[in-house]
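Student: 3D model of this:
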Amino acid sequence: MARLLPHPLLTPLLALVWLLLNNSFSTGHLLLGLLLGWLIPLFTLRFWPDAVKIGRPLTLMRFVGIFLLDVVVANFGVARLILGSPDRLRPAFVEVPLDLRTDLAISLLANTISLTPGTVSAWLSPDRRTLIVHGLDVDDPAELVATIKQRYETPLREVFE
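Tutor: Numbers count the residues shown, from 1 in each chain. Sure, this is the predicted structure:
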């Protein structure tokens, strides 16, 4: 069964993403989303080094909710900054020390940061202990680091490590 459905949680997630991207919940799109959700994990199986183990599913759901809320709030914040007075922006590169050790968790953290408007993951140190993050408007670098660690890194560590 694991050979035919290598990532059972990823299949419905990919199907849902397909439906949301197409903004259609028709039967055809649902079937195509499920087909893609089955084929993509099946054909990319050799690129996954280890089986993904989710330690705390409720924490993962809370993380996704926080992330989605942060994306919406950050969109409005960035729009206000850009439309307001862009000459007052304080862009900065900030070093975020990492407690995460697995490739999956580090990758998810870097992608979460990059998908949140106003921040982008710029560089991961070769020893994987520091992530350089660029912030569009950074008042206090320590506060940005604390926010990333508390809102994103801690839940990811609980779920994937």
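Student: going forward, measure contacts and count neighbours with C-alpha atoms only.
Tutor: Will do.
Student: so in the chain, which helix runs the longest?
Tutor: helix 57-84 (DSSP state H).
Student: can you name every helix or strand that that one contacts?
Tutor: Under the contact criterion of 3 or more CA pairs under 8 Å, 6 or more residues apart in numbering; DSSP states H and E, helix 57-84 touches helix 154-160.
Student: for the helix it packs on, C-alpha coordinates in PDB please.
Tutor: What follows is helix 154-160, C-alpha atoms only, in PDB (Å, rounded to 0.1, in the frame of the first residue of the first chain):
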ATOM      1  CA  THR A 154       9.100  26.200  17.800                       C
ATOM      2  CA  PRO A 155       6.000  24.600  16.300                       C
ATOM      3  CA  LEU A 156       8.000  23.100  13.400                       C
ATOM      4  CA  ARG A 157      10.400  21.600  15.900                       C
ATOM      5  CA  GLU A 158       7.500  20.100  17.900                       C
ATOM      6  CA  VAL A 159       6.000  18.600  14.700                       C
ATOM      7  CA  PHE A 160       9.000  17.300  12.700                       C
END
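Student: let the chain start at 54 from now.
Tutor: Right, with 54 as the first residue, what we last looked at is helix 207-213.
Student: before we move on, back to that, list the buried residues in the longest helix of the chain.
Tutor: Buried residues in helix 110-137, counted by 16 or more other CA atoms under 10 Å: 112-113, 116, 120, 124, 127, 131, 134.
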